[in-house]
Structure formats: C-alpha cells, structure tokens
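Peer 1: I would like to see how this sequence folds:
(one chain, ligands or ions: 1)
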Amino acid sequence: MLDTLKKLFKFVVLNLHRPTLPSPIPACPSQGRRGPDLIPAALHARRHAGDRKPGHRVVITHIYTRLRQFGDANSPETAVFGPREESGARGGNSHGRVKSAQLYRPEKRNAMNRAFWSEMVECFSQIAVDAECRVVVVSGAGKIFTAGIDLMDMSSDFIQPVGDDSARTSWNLRRLIAKYQETFSVIEKCPKPVVVAVHGACIGGGVDLITACDIRLCTQDAWFQVKEVDIGLAADVGTLQRLPSVIGSRSLVNELALTARKMYSDEAKTCGLVSRVFPDKEAMLAGALELAGEIAARSPVAVQGTKINLIYSRDHSVADSLDYMATWNMSMLQTQDVLKSAQAAIEKKSPKEVPFSKL
Ligand SMILES: CCC/C=C/C=C/C(=O)SCCNC(=O)CCNC(=O)[C@H](O)C(C)(C)COP(=O)(O)OP(=O)(O)OC[C@H]1O[C@@H](n2cnc3c(N)ncnc32)[C@H](O)[C@@H]1OP(=O)(O)O
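Peer 2: Predicted structure coming up:
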C-alpha cells in the first residue's frame, strides 16, 4: 500500500494543475536575487518538473481526522479512558480536571489531513480557557500514533501554492506555513501541561506535535521518525526548532533529521525524548492518566506558572528568566494556594486533599 501511496504522491507532485503551468520551465524567481531564497531553486525545479509530460488529473479526496475529547459523554472510550473515572478516583472534587484528546482517524493511521490542522487549534484554544481543565493527555487511536502529514490531502497546498506572481505566491506560502506551525504552537502556548502518549509509529508531523508537549511517554513498540527529508522538505512546523532542546545532543538531532532514520523506544528513552516506556498501550494510557492525575491534584497556579516559566527559560538567558520569574511570582505568590498547600504540608496531608479553586 505504501508503494501506492508513494506513487500517488509522486503523481500529484508531477501533475497537479499541470495545464495552467507555462512551458518551458520558467526561471526560478529566487535566482539572481539578494537575501534568503523564499523559493529554493530545487523546490522550484521539482514543482515544474512535469511541465513537459503528458497531463493527468488527480482527485484529492477529503477525509476527516477527528480530535476526540474524552470528556464527551457520547465517546465510547470515556468509560475506559476518561477524565471522570480517573480524576474522580484521585481528586475527590476533580471532575473534568484531566482532559484527553485523541487523534482519531485510525483507518488512515491518524494521518494529519486538513481537518486535523485546524481542529488541533480549536481543541487547544478551548482547553486553554477551560477553567476546569488542569492537564491534557494526547494519544492516538488505532494501530499507531500518527503517520504524519496526509500526503494526499495536503500536498497541493505546498506543491502548487497560489499567487498572481512569485512575490504573492511566496507571501501566501509563508502565511500558510505559519498557520500550520500554530497547530502545534497552541500546545506550547496552552498553560495546562500536556502529556503525550505514543504507541507504534510517530512519523514526520507526529514528531513536530510531540516536541511541543511537556511530557512524552511511549510504548515499547514505539518508533519515531523525522521523515521530512524523505519527502523533500526541511521540517517546518517545529521539530527542528524544539527537538534540539528536548534531546540535548545536537549531533543526534542532526543525524535523525538529516537521515530520517527510525529511532526506537529504547533509544528515545536513553536520549531523553521520552521520560517513560511502557510495555503496551493499555499500561501507557493508565500511566499517562495517573501522571496527569498527580499534576491535576496540585495548585493550578503553581502548575501553570511552572509550565510557562520553564518554556520561557528554555528560550531566554538565566538572567532574563530570573527577572521574568520575579515579575511572575510578585503576583502569583499572593494566591491562597500557597497558604493552603503550606498548611497541608504541616499537617502531613497530600496536596490531593487540598481543594484549590479553578483557574
Ligand atoms: C503541513 C505542514 C508541514 C508538515 C510536514 C509534515 C511532514 C511529514 O509528516 S513527513 C511524513 C509523511 N508520512 C509518511 O511518509 C508515512 C507514510 N505511511 C507509512 O509509511 C505507512 O502507512 C505506516 C508505516 C504509517 C503504516 O503502515 P501500515 O501498513 O500499518 O498501514 P498502511 O496500509 O500503509 O496504511 C493504512 C491506510 O492509511 C493511509 N495512510 C497511511 N499513511 C498516510 C499518510 N501519511 N497520508 C495519507 N494516507 C496515509 C494509507 O493510504 C492506507 O489507506 P487505504 O489504502 O485507504 O487503506
């Protein structure tokens, strides 16, 4: 099947909207200009490679990816993997504190189609302002976590970008890439910690997604692949920007991103991409929910302030980060949560017994 997919992708690359393209191959707009190339010559050449070949039409099918929020009472998974059971068991009053989002397009290996790229933004924008929610668990339905970008649904956007001239085409393409970057940046911008649980394959866009999450878990059978070079792209929606600080070794990041080799769970654990490896998906989801429950039981002022300051310090100097922290806590230290937590500690109570207000 993969062969068919590759053939189809090549077919799209070579033939999409072919009749509208001028022939012979037009000059690459980036050639002979100063400054960074918005359209690299190689991409331009590939885009026009089929200009002189016989024409074909490709129908790109639109198939839905669904992000399922498990808080939905109609979700069949709620009973086994929902926030009510999990948080109720641990937090007493913690209904709705742990929200779960699932990439739900199992028959297509959770390939990220158009619907996915916007639903992620909607989903995390809602979660960000949901005062009940304190932690999010992201997982994938079916055989694997995700096969990455939907090669059939998405390729036309990038292979045949629109615009009246090269400046406008580049402008549109830049805006499009920035939009797709936001799909994963929303995870990082969401103040609630996000735990991601990976089973089976995590390919291409999947690595972009998980590097924007706060805690990564996987199953023994999981593997990770920065696949973009294999489809002719420099990964552009987060992996190259976030993976170096996740793993630490730039040499390893370079190796993975330049060769697209698979990294299996044992190496993912050793290099720090994931913090825990579980024997199977069931154990991993139970572990993810337990971890989420631990986080959800603590002061949301403390937890969300911790996430925001950790991300800030990743991107700034120690001096700047300390300054930011001082400004942050000059208001946040005034929370009633400090007093409540300190009192619980003196009374040798668990934070889980403390009723913190919503945030
Ligand atoms: C938009 C901003 C920029 C983002 C860039 C992101 C880039 C990337 O993500 S690069 C990575 C692209 N992905 C791939 O190259 C993976 C391709 N798929 C596979 O290698 C295999 O499908 C996989 C190993 C994931 C699973 O193999 P398995 O044998 O379990 O399943 P299959 O029979 O191959 O597939 C089942 C059906 O799923 C469809 N499918 C799988 N992957 C994709 C995909 N990436 N895009 C679209 N559709 C996919 C596949 O066509 C099968 O459908 P059907 O034939 O209708 O049953």
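
Peer 1: The ligand contacts on the protein?
Peer 2: Within the chain, the positions near the ligand by CB under 6 Å from any ligand atom are 1-2, 5, 108-109, 111, 143-144, 147-152, 154, 180, 201, 203-205, 227-228, 231, 236-237. Quick note: C-beta positions are derived from backbone N, CA and C, even for glycine.

Peer 1: Burial check on the residue in the chain that the ligand sits nearest to, number of neighbours?
Peer 2: The minimum distance from the chain to the ligand, using CB to the nearest ligand atom, falls at Gly204 (2.1 Å). When counting by other CB atoms under 10 Å, one arrives at 26 neighbours for Gly204.

Peer 1: Same check on Glu290?
Peer 2: Residues contacting Glu290 under the criterion other CB under 10 Å number 12.

Peer 1: Tell me, what's the model's pLDDT at it?
Peer 2: pLDDT, Glu290: 95.

Peer 1: Give me the contact list for the helix or strand hosting Trp328.
Peer 2: Using DSSP states H and E, the secondary-structure element containing Trp328 is helix 318-332. Under the contact criterion CB atoms under 8 Å, 6 or more residues apart in numbering, helix 318-332 has outside partners 301, 305, 308-309, 312-313, 316.

Peer 1: thought the residue of the chain closest to the ligand was touching Asp150?
Peer 2: No - counting by CB atoms under 8 Å, Asp150 is not a contact partner of Gly204; they are 10.4 Å apart.

Peer 1: Any idea which helix or strand in the protein has the lowest mean pLDDT?
Peer 2: Counting by mean pLDDT, DSSP states H and E, the weakest-scoring helix or strand in the chain turns out to be helix 78-81, with a mean of 27.

Peer 1: picking that back up, could you report the separation of the residue of the chain closest to the ligand from Ala212?
Peer 2: 14 Å (CB to CB, to the nearest Å).

Peer 1: quick one: low-confidence ranges for the stretch 51-200 of the chain?
Peer 2: Counting by pLDDT under 70, the stretch 51-200 of the chain shows low-confidence ranges at 51-95.

Peer 1: In ChimeraX, how would I select the buried members of the residues of the chain next to the ligand?
Peer 2: One line in ChimeraX is enough to select the buried ones among those; burial here means 16 or more other CB atoms under 10 Å:
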select :108,109,111,144,147,148,149,150,151,152,154,180,201,203,204,205,227,228,231,237
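
Peer 1: Inside strands: which ones of the residues of the chain next to the ligand?
Peer 2: 201, 203 (DSSP state E).

Peer 1: domain ranges for the protein?
Peer 2: The record, using automatic domain parsing to delimit domains, assigns the chain the ranges 2-47, 66-296, 300-353.

Peer 1: List the buried residues for stretch 174-189?
Peer 2: Of the residues in stretch 174-189, those buried by neighbour count under the rule 16+ other CB under 10 Å are 180-188.

Peer 1: try stretch 236-244
Peer 2: 237-244.

Peer 1: Same list, those residues, but as a markdown table with secondary structure and pLDDT please.
Peer 2: Formatted as a markdown table, the entries for those read as follows, by DSSP: H, G, I helix; E, B strand; the rest coil; pLDDT from 0 to 100:
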| residue | secondary structure | pLDDT |
| --- | --- | --- |
| Val237 | coil | 97 |
| Gly238 | coil | 97 |
| Thr239 | helix | 98 |
| Leu240 | helix | 98 |
| Gln241 | helix | 97 |
| Arg242 | helix | 98 |
| Leu243 | helix | 98 |
| Pro244 | helix | 97 |
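
Peer 1: of all these, which two lie farthest apart?
Peer 2: Within the buried residues of stretch 236-244, two members stand farthest from each other by CB to CB: Val237 and Pro244, at 15.3 Å.

Peer 1: Distance from stretch 196-208 to the middle of the chain?
Peer 2: Averaging C-alpha positions (CA atoms, centre = their mean, to the nearest Å) puts stretch 196-208 8 Å from its chain's average.

Peer 1: again, but for stretch 291-300
Peer 2: Per CA atoms, centre = their mean, the displacement of stretch 291-300 from the mean C-alpha position of its chain is 22 Å.

Peer 1: start to end distance for that stretch?
Peer 2: Using CA to CA, to the nearest Å, one end of stretch 291-300 lies 15 Å from the other.

Peer 1: picking up where we left off before, what is the mean pLDDT for the helix holding Trp328?
Peer 2: Averaged over helix 318-332, pLDDT sits at 97.

Peer 1: Go through that helix and flag the buried ones.
Peer 2: Buried positions in helix 318-332, judged by neighbour count with 16+ other CB under 10 Å: 321, 325, 332.

Peer 1: Using CSV, write out every CA atom in that helix.
Peer 2: Output in CSV follows, covering the C-alpha atoms of helix 318-332 (Å, rounded to 0.1, in the frame of the first residue of the first chain):
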residue,chain,number,x,y,z
VAL,A,318,19.2,32.7,33.0
ALA,A,319,19.3,36.4,34.0
ASP,A,320,16.2,37.3,31.8
SER,A,321,14.4,34.2,33.0
LEU,A,322,15.0,35.0,36.7
ASP,A,323,13.8,38.5,36.0
TYR,A,324,10.6,37.1,34.3
MET,A,325,10.1,34.7,37.2
ALA,A,326,10.3,37.5,39.8
THR,A,327,7.7,39.5,37.9
TRP,A,328,5.6,36.4,37.5
ASN,A,329,5.6,35.5,41.2
MET,A,330,5.2,39.0,42.6
SER,A,331,1.5,38.5,41.8
MET,A,332,1.2,34.7,41.8
